[in-house]
Each structure stands twice: as C-alpha cells, then as structure tokens.
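Trainee: Provided below for reference: sequence and predicted model.
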Amino acid sequence: MSVARRELLGFATAGLLAYAADLAVFGCLRGPAGLDPVTAKSVSFVAGCTVAYLGNARGTYRRARPGGPRPYAVFVAVNLAGALVQLLCIVVSHYGLGLTSQCADTVSGSGIGMALATVLRFWGTRTLVFPAEGRVGSWTG
C-alpha cells in the first residue's frame, strides 16, 4: 500500500473512532448524567479530539510518543477551525441564502461543511501538527 493511501486511511480511521467517542460521550453526558447540551458537547468534543490525536500520533503519523502539550493544542485549534467552517456553512445557507429547512441545515453543516472541514483538518493535521520531518514513511507529495 502506498504511503499516501496509508496516510489517508489512517486519518479516516482515527476520525471515525473520534466521531464514535464524541457521540458516545455526548450521549452519556446528555442522557444519564443529565448535563446541558453545551457542556456535554464541549466535553465530548475534547474527548473526540483526544482520540483523534492519539490515533493520528500513534498510527497515521507514526510517533513513538504523542508529542506533548504543544502539538495537542495545535491539533485542538485545527479541529476548532474545522468546527467553525461547519458553522459558517450553516450561517451562510440558513441566514444568507434563506435555506431554513432542517434538510438544508443538515446538507450545509453536515454535508458541505463537514467535507470542507475534513479537508482543512487533514491539511492542518499533516502540516501543522505532524510535519513530515521525523515521520516514519512520510508522504510529502
């Protein structure tokens, strides 16, 4: 398998595991724990970021150690930027274009917004968090 394919598959796998962790933590905190949705989502976002970071650090970008607080902070910032892209897509669609149905909000935020945010997250993760130097079998093309 090419290094590029391995990197893309690793990133996708870490992302899916992070999504599952985010969803599970949110469900537990919102349901049985009875927390408000903003607090529950904030905690689940951090849990998801942590799972994605560790998956990328140990798997996708092959680091022996995750790298300490600085790369993690940059990773969280990249993921927050991705979340803002998704929110911006909803704002433009809902308020700017007047597409106010639940379907339109879902398409703009979870479809178009998620696609754009994923590209941003992939670029930010491989460029800012885990730069090519020091990686085992890095893909630089």
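Mentor: Structure received.
Trainee: Quick check: which element contains the residue lying farthest from the centre of the chain?
Mentor: The outermost residue of the chain, judged against the average C-alpha position, is Gly98 (27.8 Å), by CA atoms, centre = their mean. Applying DSSP states H and E as the criterion places Gly98 outside every helix and strand.
Trainee: which phi and psi does it have?
Mentor: The phi/psi pair for Gly98 (degrees, to the nearest 10) reads phi 70, psi 20.
Trainee: how much space is there between it and Leu116?
Mentor: 21 Å (CB to CB, to the nearest Å). (C-beta placed from N, C-alpha, C; glycine too.)
Trainee: sorry, back to before: roughly how far apart are the residue farthest from the centre of the chain and Ile90?
Mentor: 13 Å.
Trainee: my guess is Gln86 meets Gly111, correct?
Mentor: No - between Gln86 and Gly111 there is no contact under CB atoms under 8 Å: 9.8 Å.
Trainee: Neighbour count for those two, which is higher?
Mentor: Neighbour count, other CB atoms under 10 Å: between Gln86 and Gly111, Gln86 has more, with 21 against 13.
Trainee: Leaving out chain neighbours, which residue sits closest to the more buried one?
Mentor: Closest residue to Gln86 in three dimensions, ignoring its sequence neighbours and counting by CB to CB, 6 or more residues apart in numbering: Gly113, at 3.5 Å.
Trainee: Next up, the contacts around His94.
Mentor: Residues near His94 by CB atoms under 8 Å, 6 or more residues apart in numbering: Thr100, Ala104, Asp105, Ser108.
Trainee: Just the buried ones from these?
Mentor: Ala104, Asp105, Ser108 (16 or more other CB atoms under 10 Å).
Trainee: Mind putting those into JSON lines with secondary structure?
Mentor: Listed next are these as JSON lines, based on DSSP: H, G, I helix; E, B strand; the rest coil:
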{"residue": "Ala104", "secondary structure": "helix"}
{"residue": "Asp105", "secondary structure": "helix"}
{"residue": "Ser108", "secondary structure": "helix"}
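Trainee: mind giving me the domain ranges of this protein?
Mentor: The record's domain split for the chain, according to automatic domain parsing, is 1-66, 67-132.
Trainee: Flag the shaky bits of the chain, pLDDT-wise.
Mentor: 63-67, 133-141 (pLDDT under 70).
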